[in-house]
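Student: structure of the sequence below:
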Amino acid sequence: MSTVQTKAPASTILIVDDDEGVTQTFARMLTLEGFKVRTAFNAESGLRAASEAHPDAIILDLRMPLVDGLGFLRQLRTMPGQQESPTPVAIVTGDYFLDDSVASELRRLGAELKFKPLWLEDLVSLARDLLLKVTR
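Tutor: Sure, this is the predicted structure:
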């Protein structure tokens, strides 16, 4: 009698970054590591994707036009279910000189802060760390 091993479904990571090159690179790297990846190139489409797909974690750029990463995070946290079970979020930025009030608000909203560049090992480790926070 043989048993069929079923593989657990891949965790979904949403990447939101206005730089298409960064977004596609991150997506390729995480896909190769076995994650299911969705991408968005601005906050509006990212919020729509978060609402529709309910990703397990989000990797988000801080500096985007119109609505930045902090604005995205504020809106995300007002969505249904975010109070009881907030989606783990990492803000990734190349801006090493963040105002203390911005960094404090990011922490208050439950986001990790990471700085670019992220190499493959850093990105995969970040994704795995975010998924450890999932309590669904």
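
Student: what residues are up against the most centrally placed residue in the chain?
Tutor: Centroid-nearest residue in the chain, with C-alpha atoms, centre = their mean: I58, separated by 1.7 Å. When contacts are counted by C-beta atoms under 8 Å, 6 or more residues apart in numbering, I58 touches I13, L14, I15, V16, G46, A50, L76, T87, P88, V89, A90, L130. Using the backbone N, CA and C atoms, a C-beta is placed for each residue, glycine as well.

Student: the fourth one and R38 touch, don't they?
Tutor: No. Look at V16 against R38 with C-beta atoms under 8 Å: they stay out of range, at 9.2 Å.

Student: settle it for me: which of the two has more neighbours?
Tutor: More neighbours sit around V16 than around the other of V16 and R38, counting by other C-beta atoms under 10 Å; the figures are 28 against 18.

Student: phi, psi of that one?
Tutor: phi -120, psi 110 (degrees, to the nearest 10).

Student: how about V22, secondary structure?
Tutor: V22 carries the three-state label helix when classified by DSSP: H, G, I helix; E, B strand; the rest coil.

Student: burial check on it, number of neighbours?
Tutor: Tallying neighbours of V22 according to other C-beta under 10 Å, which is how burial is gauged here, yields 18.
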